[in-house]
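1. Show me how the following folds:
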Amino acid sequence: MKGVLDRIEDEQHAVILIEKENKEIVVPVEKLPSGSKEDSWFEIEMDGKHVTSIKLDQEKTASRQGAADNLLKELRSKSKGSRFKRKG
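-> All right, here's what the predicted structure looks like:
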């Protein structure tokens, strides 16, 4: 299953959102692959409620980051500045 690292709490617990099951799992930070950071995508294997394997999915992480960058770029190009005017 696929999951994305949503956040790290207290520098000890990683909260991973599971894409298709609409749930979250919490794992110790030391179980994350090296190079993991918020918005990193993983391929996760579980045995019941226990995580047996977490692998960094660099391809999906890069494609999602690229899509977010493109959207942000598009939004910025459409921006016409603030609609609010300063009172002088």
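
2. give me the element the residue nearest the centre of the chain is part of.
-> The residue lying closest to the centre of the chain (CA atoms, centre = their mean) is residue 39, at 2.0 Å. Assigned by DSSP states H and E, residue 39 belongs to no helix or strand.

3. quick one: the closest residue to residue 60 other than its chain neighbours and residue 84, what's the gap?
-> Once flanking residues are discounted, residue 60 sits nearest to residue 41: 4.1 Å by CB to CB, 6 or more residues apart in numbering. All C-beta atoms are positioned from the backbone trio N, CA, C, and that covers glycine. Distance of residue 41 to residue 84, given as CB to CB, to the nearest Å: 38 Å.

4. neighbour-wise, which of those two wins?
-> Between residue 41 and residue 84, residue 41 has the larger neighbour count (other CB atoms under 10 Å), namely 23 against 6.

5. mind listing the strands in this structure by residue range?
-> In the chain, the segments counted as strands under DSSP state E are 2-9, 13-18, 23-28, 41-47, 50-56.

6. Now render those as CSV, adding distance to residue 76 and mean pLDDT.
-> Shown next, in CSV, are these (distance: least, CB to CB, whole Å; pLDDT from 0 to 100):
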stretch, distance to residue 76, mean pLDDT
strand 2-9, 24, 93
strand 13-18, 27, 94
strand 23-28, 31, 93
strand 41-47, 25, 93
strand 50-56, 29, 92
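
7. So for residue 66, which of those sits nearest?
-> strand 41-47 (12.5 Å; CB to CB).
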